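# Okay, structure incoming, though there's no sequence with it:
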Ligand code: 9MR
């Protein structure tokens with residue numbers, strides 16, 4: 001290396017270190033020898049499948065950095081709660097479309113897809129519906145109207161739907177607390193018909209079943225696979241399965257992989273649908289998110305994205321993170337205030353987790 005190259009290299013390194021993560025700079029030596037600074041693709045640029053984020057209208061409207069981060073890093077959005085039944089179906093005869101319309105238009109305006117979440121979730125039946133105490137005939141008639149109206153309204157715009165969410169309890173039994181278990185003699189038959197109603201309202205939308213701990217809980221997985229087999233035999237349309245992936249740094253990776261391979265054996269589209277990785281697994285008030293912890297989290301993300309890449313290409317649908325920034329993660333309220341589960345920190349900087357996620361992508 002000549003003296004000229006050394007001086008230029010030192011200067012380049014200084015200027016490059018002064019640039020923010022987001023500025024892409026390529027330096028060329030005076031004699032045309034290229035230096036290779038870490039010019040980096042964003043998640044959506046690198047991935048050959050959709051990278052989704054759960055979002056809220058109020059954050060998209062309220063914080064420009066939030067909105068910019070969504071548009072910059074992601075190619076798909078999911079409403080964190082504003083397209084659930086309890087948000088849309090405000091009374092027996094009234095729908096509130098405000099937030100859902102906003103999100104669907106936001107996706108379109110920014111050239112993103114939107115995944116619909118979720119048509120039927122035991123935890124999101126509005127109070128007026130539960131209080132009505134419908135028998136199975138009236139219950140299903142009402143739900144059919146709801147599915148037809150919602151999926152129909154966004155036909156061709158919402159490209160995929162979680163038709164049913166969290167049907168099974170841990171271990172694979174039907175959820176006892178679900179109103180559907182109480183009302184229907186054959187709940188799985190009811191869910192199958194819900195898939196039919198959704199297909200009828202938008203024949204091109206991809207229809208998913210979504211649940212948590214699917215790859216960890218062999219009993220639940222068996223129940224889901226049995227349901228899929230029954231759906232196929234009956235002609236109930238199902239295109240994909242989502243595992244939420246609310247996991248943690250200490251989640252057993254081998255168990256995860258074994259379960260994931262088993263899930264993929266269905267041949268359906270696979271959605272990692274609500275990914276976040278908890279770090280403060282002991283819910284400790286004195287927890288500190290150290291560099292070492294951030295590195296472990298990065299490795300977990302890398303493990304997950306590289307595992308996903310092992311799927312056959314035609315089964316890859318999307319990986320969705322459940323939120324955009326640690327600042328607004330649901331886990332600070334539902335798990336512990338000291339929690340840092342996502343890819344961007346409170347100031348929208350890329351965390352090591354972001355690099356890990358990227359490194360796992362092909
Ligand atoms: O993160 C969501 C939170 O903001 C909502 O208050 C809550 C109720 O609508 O739902 C949370 O999202 C859940 C998702 O819809 C289904 N899987 C579990 C998620 C976390 O509870």
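Everything's here; your move. Quick caveat, the model's predicted, so the values are computed rather than measured.
# OK, contacts around the closest residue to residue 83 other than its chain neighbours?
The shortest distance from residue 83 to any non-neighbouring residue, by C-beta to C-beta, 6 or more residues apart in numbering, is to residue 100 (4.9 Å). For glycine as for every other residue, the C-beta is placed from the backbone atoms N, C-alpha and C. Taking C-beta atoms under 8 Å, 6 or more residues apart in numbering, we find residue 100 in contact with 79, 82-83, 87-88, 150, 154.
# ok, how many other residues are close to residue 346?
Neighbours of residue 346 under the rule other C-beta atoms under 10 Å: 10.
# ok, for it, nearest residue in space, not its chain neighbours?
Nearest non-adjacent residue to residue 346, counting by C-beta to C-beta, 6+ apart: residue 327, 4.2 Å away.
# Can you tell me who residue 321 pairs with across the strands?
Assessed by DSSP bridges, residue 321 has beta-bridge partners residue 53, residue 275.
# and the gap between it and the ligand?
Distance, residue 321 to the ligand, by C-beta to the nearest ligand atom, to the nearest Å: 12 Å.
# so what's that residue up against?
51-54, 274-276, 342-343.
# repeat that for 10 Å
Applying C-beta atoms under 10 Å, 6 or more residues apart in numbering to residue 321 gives the contacts 43, 51-54, 73-74, 78, 245, 272-277, 301, 329, 341-344, 353-354, 357.
# Just confirm the residue nearest to residue 346 contacts residue 59, I think it does.
Yes - at 9.1 Å, residue 327 counts as touching residue 59 under the criterion of C-beta atoms under 10 Å.
# Which stretches in this protein count as strands?
Here the chain has its strands, by DSSP state E, at 50-55, 76-79, 89-91, 94-95, 113-121, 160-165, 206-211, 240-243, 246-248, 269-278, 316-321.
# Any chance of JSON lines for these, columns mean pLDDT?
Converted to JSON lines, those look like this (pLDDT from 0 to 100):
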{"stretch": "strand 50-55", "mean pLDDT": "98"}
{"stretch": "strand 76-79", "mean pLDDT": "98"}
{"stretch": "strand 89-91", "mean pLDDT": "97"}
{"stretch": "strand 94-95", "mean pLDDT": "98"}
{"stretch": "strand 113-121", "mean pLDDT": "98"}
{"stretch": "strand 160-165", "mean pLDDT": "98"}
{"stretch": "strand 206-211", "mean pLDDT": "98"}
{"stretch": "strand 240-243", "mean pLDDT": "98"}
{"stretch": "strand 246-248", "mean pLDDT": "98"}
{"stretch": "strand 269-278", "mean pLDDT": "98"}
{"stretch": "strand 316-321", "mean pLDDT": "98"}
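# And those: which comes nearest residue 128?
Closest approach to residue 128 among the strands of the chain (C-beta to C-beta): strand 89-91, 5.6 Å.
# and that closest one, anywhere near the ligand?
No - for a cut-off given as C-beta under 6 Å from any ligand atom, strand 89-91 has no contacts with the ligand; the smallest distance is 13.4 Å.
# okay if I get the strands of the chain as TSV plus distance to residue 221?
As requested, the strands of the chain are exported to TSV (distance: least, C-beta to C-beta, whole Å):
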stretch	distance to residue 221
strand 50-55	23
strand 76-79	22
strand 89-91	31
strand 94-95	35
strand 113-121	19
strand 160-165	16
strand 206-211	9
strand 240-243	9
strand 246-248	15
strand 269-278	12
strand 316-321	18
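# got the contact list for residue 328?
Residues counted as contacts of residue 328 (C-beta under 10 Å, 6+ apart) are 54-56, 58-59, 63, 66, 80, 342, 346.
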